[in-house]
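**Student:** quick one, structure for this:
(one chain, ligands or ions: 1)
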Amino acid sequence: MLLKFTKMHGLGNDFIVVDAVSQRVRLTNQQIAQLGDRHFGIGCDQLLIVEAPTRPEMDFKYRIFNGDGSEVEHCGNGARCFAKFVRDQRLIHRDTIHVETKSRDLTLHIRDDGQIRVDMGAPSFEPTELKFDRDKADVYSLKAGDRHFKVSAVSMGNPHIVTRVSQAERYPVEKYGRLLTKHRAFAEGVNVSFAEFVDRNTVRLRVYERGAGETLACGTGACATAVTAIRNDWCDTKVNLLLKGGTLEVEWDGQDGSVFMTGPATTVFSGQIRI
Ligand SMILES: N[C@H](CCC[C@H](N)C(=O)O)C(=O)O
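**Tutor:** Residues are numbered from 1 along each chain as shown. The predicted model follows:
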């Protein structure tokens, strides 16, 4: 099969985007992992497949696969790149886009300045949705390697834990992220945010992602971290998350409303590959 694709990124969290509306796409999880391989394939943190919607009130369905080939429920940076992709490919002519994902419906708005604002839906703290083994909703004490961690658990449709650190830039994220992401408390793995709270509107953040390792940015991780900060009154209802790849703005009312994330999306190149 000759597969057309577009390489994109959201603050350095990079994606292979595939249009399955205009071309027939049949990819196995193994083929997705091959495409995601940074030495033997194109290379990406996640691969996004854009499909026709399954319900008339939606514009598209978009499926998300980690670089290891595993399909997941949500991707915040990917949602922004998806929005830019479908507009640039003229698959839609509106600036507000309604899209289905595996776990929830999203509304995306492309602003005049090119930034994309995503209604990420409401956070959840119910262990059932997070598929955690524990009966306590949202705070865990976990041992990983030689350290104990106090983590808050938040679902943005995909599972996250957030732990506070004093200096994010110097923290051994690879060592402890690798241990925590597969901790036995999380039946299907978990994304791990290491957050340094700078002030009531600023958090320095690094994320070790399930199925991808540390990425330069993580949209749902930024949302999970902002929700944790607002819920604990460490931050106000608008938070700037300073990630390795750049800054994301996240807003949440601290009640049961949606989380809103605003940030950029960038197209790197388009190509085709025989697979
Ligand atoms: N690794 C995540 C999916 C991608 C999330 C991230 N790239 C984002 O921007 O939200 C998971 O396994 O749930």
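**Student:** in this structure residue 153 contacts residue 140, no?
**Tutor:** Yes - Residue 153 is within contact range of residue 140, at 6.3 Å (criterion: Cβ atoms under 8 Å). C-beta: built from backbone N, CA, C; applies to glycine.
**Student:** more neighbours: which of those two?
**Tutor:** residue 153 (25 against 20; other Cβ atoms under 10 Å).
**Student:** distance of that one relative to the ligand?
**Tutor:** 13 Å (Cβ to the nearest ligand atom, to the nearest Å).
**Student:** what is the one helix or strand that residue maps to packed up against?
**Tutor:** Using DSSP states H and E, residue 153 sits in strand 147-155. Applying 3 or more Cβ pairs under 8 Å, 6 or more residues apart in numbering; DSSP states H and E, we find strand 147-155 packed against helix 127-130, strand 139-144, strand 159-164, helix 173-180, helix 219-231.
**Student:** tell me which residues of that strand are tucked away?
**Tutor:** 149, 151, 152, 153, 154, 155 (16 or more other Cβ atoms under 10 Å).
**Student:** got those residues as TSV, with distance to residue 248 and pLDDT columns?
**Tutor:** Formatted as TSV, the buried residues of strand 147-155 follow (distance: Cβ to Cβ, whole Å; pLDDT from 0 to 100):
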residue	distance to residue 248	pLDDT
149	23	95
151	21	94
152	18	93
153	20	92
154	16	94
155	18	92
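**Student:** flag every residue of the stretch 51-200 of the chain that's near the ligand.
**Tutor:** 66, 72, 75, 76, 77, 78, 158, 191 (Cβ under 6 Å from any ligand atom).
**Student:** go through the residues you listed and flag which are in strands.
**Tutor:** 66, 72, 191 (DSSP state E).
**Student:** of those residues - the most surrounded one?
**Tutor:** residue 191 (27 neighbours).
**Student:** ok, that residue to residue 72 distance?
**Tutor:** 9 Å (Cβ to Cβ, to the nearest Å).
**Student:** find residues that contact each of the two.
**Tutor:** Residues touching both residue 191 and residue 72 by Cβ atoms under 8 Å, 6 or more residues apart in numbering: 158, 210.
**Student:** OK, contacts around the residue nearest to residue 120 when sequence neighbours are not counted?
**Tutor:** Excluding the flanking residues, the one nearest residue 120 by Cβ to Cβ, 6 or more residues apart in numbering is residue 259, at 4.4 Å. Shown in contact with residue 259 (Cβ under 8 Å, 6+ apart): 119, 120, 121, 122, 123, 156, 223, 226, 227, 250, 251, 252.
**Student:** rerun that using 7 Å as the cut-off
**Tutor:** 120, 123, 156, 223, 227, 250, 252 (Cβ atoms under 7 Å, 6 or more residues apart in numbering).
**Student:** JSON lines for those, including neighbour count?
**Tutor:** What follows is the contacts of residue 259, written out as JSON lines (neighbours: other Cβ atoms under 10 Å):
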{"residue": "120", "neighbour count": "27"}
{"residue": "123", "neighbour count": "25"}
{"residue": "156", "neighbour count": "27"}
{"residue": "223", "neighbour count": "31"}
{"residue": "227", "neighbour count": "28"}
{"residue": "250", "neighbour count": "28"}
{"residue": "252", "neighbour count": "23"}
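**Student:** any chance of these in a markdown table, with pLDDT too?
**Tutor:** Converted to a markdown table, these look like this (pLDDT from 0 to 100):
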| residue | pLDDT |
| --- | --- |
| 120 | 96 |
| 123 | 94 |
| 156 | 94 |
| 223 | 98 |
| 227 | 97 |
| 250 | 98 |
| 252 | 98 |
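**Student:** for residue 98, give its distance to the ligand.
**Tutor:** Counting by Cβ to the nearest ligand atom - residue 98 and the ligand are separated by 19 Å.
**Student:** just checking, what packs against the helix or strand harbouring that residue?
**Tutor:** Assessed by DSSP H and E, residue 98 sits inside strand 96-100. Packing partners of strand 96-100 (3 or more Cβ pairs under 7 Å, 6 or more residues apart in numbering; DSSP states H and E): strand 60-66, helix 76-88, strand 105-110.
**Student:** what does stretch 112-124 rub up against?
**Tutor:** 76, 79-80, 83-84, 104, 106-111, 154-157, 223, 227, 256-265.
**Student:** got the end-to-end distance for it?
**Tutor:** 31 Å (Cα to Cα, to the nearest Å).
**Student:** also stretch 164-183?
**Tutor:** First residue to last in stretch 164-183 (Cα to Cα) measures 18 Å.
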